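Asks: Quick one, fold the following:
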Amino acid sequence: MVLLAALQLLAAPQLLAAPQLRSDSSQPSLPASVQAWIEQASEFQSRGAYAEAADLWQQVVALMERERGAEDPNTLSALNNVAALKVQAGAYTEAEPLYLRVLKVRERLLGPDHPSLSITLNNLAELFYTQGLYAKAEPLFQRALSIRKKTVGPGHPDTAAALNNLAALFDGQGLYAKAEPLYRRALAIREKALGPNHPATATSLNNLAALFDAQGLYAQAEPLYRRALAIQEPVLGHNHPLTASTLNNLALLLANRGLQEQAEPLYRRALAIREQVLGPTHPETAVTLSNLALLLQERGLYADAQALFERSVASNEKTLGPDHPNTATSLNNLALLFDTKGLFSRAEPLYQRVLAIRERSLGPQHPETANALNNLAALARSRGDFPRAETGYGRALAIRVKALGESHPDTALSLLNLSELLVELGRTAEAELLARRALAIWEQVLGPHHPNTATALNVLAVLIERRGDATKAEPLMRRALAIREKALGPDHPDTALSLNNLALLLAERGASNEAEPLLERALAIQQQRLGPNHPDTARALINLAVLQANRGAEASAVGLLHQGISGQTLFLQRELPLLPEAQRQNQIRSFGRAWEAAYSYAGSSDAGTDLALFTRLNRHGLLQDIERRQAVLARAPGPQQTLSQQIAVLTGRLATVGLSPTRRQALQEQRQQLEQQLYRQLPALAPQLVNAAQVARALPADGVLIEFQRLSPYDGRRKPEQRWGESRYLGLVLQPTGAVTGTDLGPANAIETLIRQALSVSEKGERPADPLWQQVSEKVLGPLLPQLASRPRWFLSPDAELNRIPYAALPDPRRPQQRLVQTVQLRLLTSGRDLLPADPPSSGQRPLVVAAPDFGGVRPWSALPASALEGHQVADQLKGTLIEGTAATATALKQVLGPRVLHVASHGFFLPSGRGDPLLDSGLVLAGANHRGLPNQVRPRTPVVAEGTAVGQSDPSAGDDDGYLTAKEAAQLQLDGTQLVVLSACDTGTGKIESGEGVYGLQRALIVAGARSTLLSLWKVDDAATAQFMRRFYDLLKAGKGRMEALVQVQEEFRTNPPVRDWRDHKFWAAWQLSGDDAALPGL
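Replies: Numbers count the residues shown, from 1 in each chain. Predicted coordinates:
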């Protein structure tokens, strides 16, 4: 991936200045104020205050028009100056009609070949050039050149200036072969007409040198820069702004050659001149600030570079304004610094601002706009957002092809960036074609030894290796490495990238002894230049770890993996909170499966098992933890409340049934934009790692933590297609002493098949489910018994399909006649992190019961008679507030403020097919829902409703409340301090399972909303049995039982002596799963 630092200003093409005002005895004399305005405008211009200078010249124009007429030569000269200053101020659309007006009058009055006309043509062409409108600029430059040849002759300095400008046009388009002879002709004319030591000759030398510099022809460029400097210093003085420009350009060349130590004093000297002569906030001073900052960035001095970039931004904002293209350039460079450091969330808003400025000031088809699109696309790719990246790269490519041509170096950049993305998307055939095109362009235009050529070689080599031809890939990688070492230096991050890629190729070919020192060198560069928590550093650590593991050095491999996982986790903890929720999983996936490889060493050594538990404790449920912590901050009083409310409204609209895909996409994008604004307003979440010792200290003396993990074991010694083995489950057990053991539980498929069978039998109630759950218990818990035998309190953190096990119904693998919860005290956790001390406030609000909603008809949702009884029972038991009937709406729930207990009795729904966002696929059915419909995959709480219900249209009277509360909406409920949420409905504990994150459904949503514990159902439940079950559950809570203790007792009563004999079956009582805090609720 190649990001674009904004190209810094070289010596500008030399345009003829507009004539000064001339006195004319035949005309009335002008007021003295005019000369004062002109002098003040000149002072403003010298400071870079172009807009203010233009305003003063505008006053001159107005007076001249009154005194001498709109077509007076002096009036036209003044008007020309207004336009020129508008261009410098970035007000291009205001400048164009002024230039056109001057051009029209001069053509009519002076004829088509007058010298004054060439000035206007040049200026108008320069305007189009600045806007990237090269096709419009070229005929004007050509016409100006033709006029000067006719009027002053082919060897006149003015003709040289016109040649210079036309050359600059070709130079800007990458047409170096067309530009070079024009620059050389201009130089020859100036040397002959003005002399070899004239400042204008120095300007031609500068421009020709810059042409060579752009092509990587540093040996040809450097003597020209030095000759220009040798002219300017004695003629103009050591402190002249043009001397500073040449110093700036020579320093840039030296930096490009990797000679930073020689470049830095030149930049500092140029900066001192510009600060002294032009002022600290002049635009040219800002250019040198940015150039010096880029140099410091290349040397890894990020703090110093950031300070200079920020000065450059502040200077341009003050002098040119916040929307000037130069301001965009400074912002782009600051963003690039953050991007390089892996601070993506700080880079993105700056890149977005750059794009907005350039689209507005330069237009949507300008090459600089393409640069901004390129950088945003590259950032999206770094975050794993490949669709957004492909769109941005594609748009940048289209702009460059149209504006710059098929063979421009920047077009090659777009081709290569798109190629790298296609590799990640698996479209290798397309990717190789693009990479070869980019390489051909750069080799031809920039030469075989340019760093860009090395980049293309590197990408092409990776592609060739991936299609299995390592012997052809290796020489390309070695050539790329050689170019980078020579052009960029041995310690450049791009050199590290080449070292890494070559090492991986050698390792694949069995040359590990040659590969390892290359990886070690790459790692050292990245640790020094990027820091320990940069994604590239983490990848280098993991690559080296895998290589060492493959050759049997497991101890050092585990240590490196620990560092790599730590760096990745700290990076994710820093970056994920500032991303929209929908993009966070993409960022995690961008790291690949390295975290999964860490589990492969569990059980092989103590260090390997410790690594597995460390990974599990820090990576599992990471997103949920971030969402929960941010939700607390978002709900707090403050200015962020407005954004939170807007997001809540959009979430409700997204949850609407029957929303068209186009409308849903638009709302999702709008929500993501608001989320980013909100998250940038919230206080930062401090990254922190959790270790086993901390969690062990939080365990009770008689307790034990069991962390389950689904994984595919990794073995790097096998063939690439065989390295990831069959998925399995791992059990990690942490003792209060800090001892950790890891146990393989066997193939995941066998365990998951058993779970699905047991769930099906339990839900249908057609035959006893105990034998199947006994087998599940033996497979999942049986192998762990040696580590669990002496501990009566088990804290379980499930993963993947193990989240669907009704643990309170499992038989004890040691004593199958008893349920596990009769012999040990169980508590379900999201992660062992949940055991760490936290002191959330307990709510003093009355319990709230929502029951028996009036669905508004009989189809598709029928009434639940028992839920009305249940609601009244529970409200009486808890002395709580009851909301029922037409009042039991989603809107009512959204207005709740942290009741101590929340109980909802209604229908639940779960859509297995999904609507894109898993949190939109499950939820509760509330009042008015029959004015809408749901797809027929929904499974209602009995009694059953009619099948095949189509999606209906909304009832206009329903307003924004469609009768459904999705999990997405539930996550925004205000449940801080709520100790228990009971969702007495079907499938409320189901959802989309994501290994490493748990279940995306109502349970996750309620935890994010602040609930301390939840009681939800794992399958469809019976209306009447549930009402009786809940009545007894609350009786036991009121009697002082703990939450899990009460659940265990009522389940045992239903199993052995239920109110109705048929209710003994698992179908009626085993679906209820308690997660979170299991303690008693005193005073309920």
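
Asks: any idea how far the closest residue in space to residue 528 that isn't next to it in sequence is from residue 192?
Replies: In space, and not counting its chain neighbours, residue 528 is closest to residue 300: 6.5 Å by CB to CB, 6 or more residues apart in numbering. In short, each C-beta sits where N, CA and C put it, glycine included. In this view, residue 300 and residue 192 are 48 Å apart by CB to CB, to the nearest Å.

Asks: So which of those two has more stuff around it?
Replies: residue 300 (17 against 13; other CB atoms under 10 Å).

Asks: Quick check: the more buried one is in a helix.
Replies: No: Residue 300: not assigned to a helix; according to DSSP: H, G, I helix; E, B strand; the rest coil it is coil.

Asks: Would you list the phi and psi of it?
Replies: Residue 300 has phi and psi values of phi 80, psi 10 when expressed as degrees, to the nearest 10.

Asks: from what I can see it touches residue 527, true?
Replies: No: Residue 300 is beyond contact range of residue 527, at 10.6 Å (criterion: CB atoms under 8 Å).

Asks: so how far is stretch 852-871 from its chain's centroid?
Replies: Distance, stretch centre to chain centre, for stretch 852-871: 44 Å (CA atoms, centre = their mean, to the nearest Å).

Asks: can you pull the buried residues of that stretch?
Replies: 852-856, 860-864, 866-871 (16 or more other CB atoms under 10 Å).

Asks: Narrow those to those in helices?
Replies: Per DSSP state H, helices hold the following members of the buried residues of stretch 852-871: 866-871.

Asks: still on that earlier bit, now, among the buried residues of stretch 852-871, which is nearest to residue 136?
Replies: The shortest approach to residue 136 among the buried residues of stretch 852-871 belongs to residue 860, at 62.4 Å (CB to CB).

Asks: how near is that closest one to residue 929?
Replies: In terms of CB to CB, residue 860 sits 8 Å off from residue 929.

Asks: wait, residue 185 sits on residue 164?
Replies: No: using CB under 8 Å, residue 185 is not in contact with residue 164; the gap is 9.1 Å.

Asks: who has more neighbours, those two?
Replies: Legend: neighbour count by other CB under 10 Å for residue 185 and residue 164, higher for residue 164 (31 against 19).

Asks: list the helices and strands the helix or strand that one falls within packs on?
Replies: Applying DSSP states H and E as the criterion places residue 164 in helix 157-172. Helices and strands touching helix 157-172, by 3 or more CB pairs under 8 Å, 6 or more residues apart in numbering; DSSP states H and E, are helix 115-130, helix 134-151, helix 176-193, helix 199-214.

Asks: so how far is residue 160 from the residue lying closest to residue 200 once chain neighbours are set aside?
Replies: Once flanking residues are discounted, residue 200 sits nearest to residue 190: 4.9 Å by CB to CB, 6+ apart. Here residue 190 is placed at a distance of 5 Å from residue 160 (CB to CB).

Asks: Any buried residues in the helix or strand that contains residue 315, and which?
Replies: Element membership for residue 315 (DSSP H and E) is helix 302-319. Neighbour-count burial for helix 302-319 flags 302, 305-306, 308-309, 311-313, 315-317, 319 (criterion: 16+ other CB under 10 Å).
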